[in-house]
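Visitor: I would like the atomic coordinates for the input below:
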Amino acid sequence: MRLEDVELPDPGPHQVVVKEFASGICHSQLHTIHGRRNTDIVLGHEATGEVVAVGDEVDHVGLGDRVILTFQPRNLRDTDRMPWMADLELAGGDVAKSANIFTWSTHTIADDQYLIPLPPGTPTDVTSIVGCAVLTGAGAVLRAAEVQPGQSVAVWGVGGVGLNAVAAARMAGADPIIAVDLDDDKLANAERFGATHTVNATRDDAAKRIRDLTPGPSDAFGFRGAPIAGVDFAFDVVANQQTFTEAFNATRNSRNAVHGGGTTVVVGVPTGGDFQLPALSMLMNERRVMGTIGGTAMPEQDIPRFLEWYRNGDLDLDALVTSRVGLDEINEATKLLEDGKVLGRTIIEFD
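Guide: Numbers count the residues shown, from 1 in each chain. Take a look at the predicted model:
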């Protein structure tokens, strides 16, 4: 990646220019960095900042307001207007594309659908990860899966997004909450966020261990007399073939004519192409598979709720942010993320 100085245009009717305070570094950006592309790209999709220019038809934020930037539109239920994707003209005349917004920059221009007001007095550093890490992880639990009190949950991959899934499962009253990872430090960190059990998949058969931890009633049986075991929801934040298979096999099998099986929720961006689906097991055990983008969240409703969790001490954003860098360190920071050396979330802080 390279840094360039460019001049932002004046905002259009529904556009906003923001001077940024901080931006998160999300693992999904690695897929974009290493993927094929036909144009230059600009990256980053979660941040905080201050509004420095607004278009004529922007009515929910104004000059001087502090905001959270998120890649998920705040409210498309009340409009037919397609949000503008932030393409950026570079100094040489080429155009760099974005995925809705870009935030690895001192300033950005974005459609007003991607801005949520930040309450006065709210810290602007650690809240920069609310627009993706929190929204995706917590949203997957609360919005996509709609986890209920007493339901069992397992989370594969407890980095920045997975820790928020664990925290949201705790807030939803799930039990047990099982964290799965390859790193003991990450698993220990997951316990701080609400994991009741941890499984290191380098030492244990993760699916078997989870089924051992979640037995059903001794007098209940599934298809052809199989004992009932497994979690109600398995969240695959890593999203490769191995983690998907482990998560799927860890979900509960059905009790015929009484209840269906568990659900595997694909949260992370899949790597390695399409997954092989254990279709026969899905049929016989009545298991479900679903995907979610951005946690199927509704930012206009959910971000204020997550900020309230932070203010009340229910979501420890200060512990989630485990490293901080300057924009000129972006290549080193993404390499550490790729090597699995980031415990929670790294943020970029701007002067």
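Visitor: and the most centrally placed residue in the chain, what helix or strand is that in?
Guide: The chain has T136 as the residue nearest its centroid, 3.0 Å off, counting by Cα atoms, centre = their mean. With elements taken from DSSP states H and E, the one containing T136 is helix 135-139.
Visitor: in the protein, which spans are helices?
Guide: 28-34, 135-139, 160-172, 184-193, 206-213, 241-250, 279-284, 299-312, 317-320, 330-338 (DSSP state H).
Visitor: tabulate these (CSV), appending distance to E57.
Guide: All C-beta spots, glycine's among them, are computed from the backbone N, C-alpha and C. Formatted as CSV, these follow (distance: least, Cβ to Cβ, whole Å):
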stretch, distance to E57
helix 28-34, 30
helix 135-139, 25
helix 160-172, 33
helix 184-193, 40
helix 206-213, 50
helix 241-250, 43
helix 279-284, 47
helix 299-312, 17
helix 317-320, 32
helix 330-338, 33
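Visitor: about what we covered before: can I get the helix holding T136 in CSV? Just the C-alpha atoms.
Guide: Written as CSV, here are the backbone C-alpha positions of helix 135-139 (Å, rounded to 0.1, in the frame of the first residue of the first chain):
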residue,chain,number,x,y,z
LEU,A,135,-21.6,-3.9,14.6
THR,A,136,-20.6,-7.2,12.9
GLY,A,137,-19.9,-9.3,15.9
ALA,A,138,-22.6,-8.2,18.2
GLY,A,139,-25.1,-7.8,15.3
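Visitor: that helix - contacts with which helices or strands?
Guide: Packed against helix 135-139 by the contact rule (3 or more Cβ pairs under 8 Å, 6 or more residues apart in numbering; DSSP states H and E) you find helix 160-172, helix 299-312.
Visitor: do that again at 6 Å, thanks
Guide: Counting contacts by 3 or more Cβ pairs under 6 Å, 6 or more residues apart in numbering; DSSP states H and E, helix 135-139 packs against helix 160-172.
Visitor: count of residues packed around G261?
Guide: 23 (other Cβ atoms under 10 Å).
Visitor: ah, wrong one, I meant T196
Guide: Tallying neighbours of T196 according to other Cβ under 10 Å, which is how burial is gauged here, yields 18.
Visitor: from I177, how far off is it?
Guide: Here the distance between T196 and I177 works out to 5 Å (Cβ to Cβ, to the nearest Å).
Visitor: domain-wise, how is this structure divided?
Guide: Taking automatic domain parsing as the reference, the chain has its domains at 15-131+296-349, 133-294.
Visitor: so for L8, which of those domains sits nearest?
Guide: In terms of Cβ to Cβ, the element of the domains of the chain nearest to L8 is domain 15-131+296-349, at 5.1 Å.
Visitor: can you give me how far that closest one is from the chain middle?
Guide: Averaged C-alpha coordinates place domain 15-131+296-349 at 12 Å from its chain's average position (Cα atoms, centre = their mean, to the nearest Å).
Visitor: can you give me the end-to-end distance of it?
Guide: Using Cα to Cα, to the nearest Å, one end of domain 15-131+296-349 lies 23 Å from the other.
Visitor: just the mean pLDDT for it, thanks.
Guide: When pLDDT is averaged along domain 15-131+296-349, the result is 95.
Visitor: please enumerate the strands of the stretch 51-200 of the chain.
Guide: Read by DSSP state E, counting those that start in this stretch, the stretch 51-200 of the chain holds these strands, from start to end of the chain: 66-70, 88-89, 95-97, 107-111, 115-117, 153-156, 177-181, 197-200.
Visitor: pick the most deeply packed of the ones you listed.
Guide: The highest mean neighbour count among those belongs to strand 153-156 (a mean of 32), with neighbours defined as mean count of other Cβ atoms under 10 Å.
Visitor: neighbouring strands for that strand, and are they parallel or not?
Guide: Strands flanking strand 153-156 in the sheet, each with its direction: strand 177-181 (parallel), strand 233-236 (parallel) (DSSP bridges).
Visitor: switch those strands over to JSON lines; also include distance to D274.
Guide: Putting the strands paired with strand 153-156 into JSON lines (distance: least, Cβ to Cβ, whole Å) gives the following:
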{"stretch": "strand 177-181", "distance to D274": "22"}
{"stretch": "strand 233-236", "distance to D274": "14"}
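Visitor: can you put those in a markdown table and add mean pLDDT and distance to G344?
Guide: Formatted as a markdown table, the strands paired with strand 153-156 follow (pLDDT from 0 to 100; distance: least, Cβ to Cβ, whole Å):
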| stretch | mean pLDDT | distance to G344 |
| --- | --- | --- |
| strand 177-181 | 98 | 12 |
| strand 233-236 | 98 | 17 |
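Visitor: picking up where we left off before, any idea which of the domains of the chain is most buried?
Guide: Taking mean count of other Cβ under 10 Å as the contact definition, the stretch among the domains of the chain with the greatest mean neighbour count is domain 133-294, which reaches a mean of 21.
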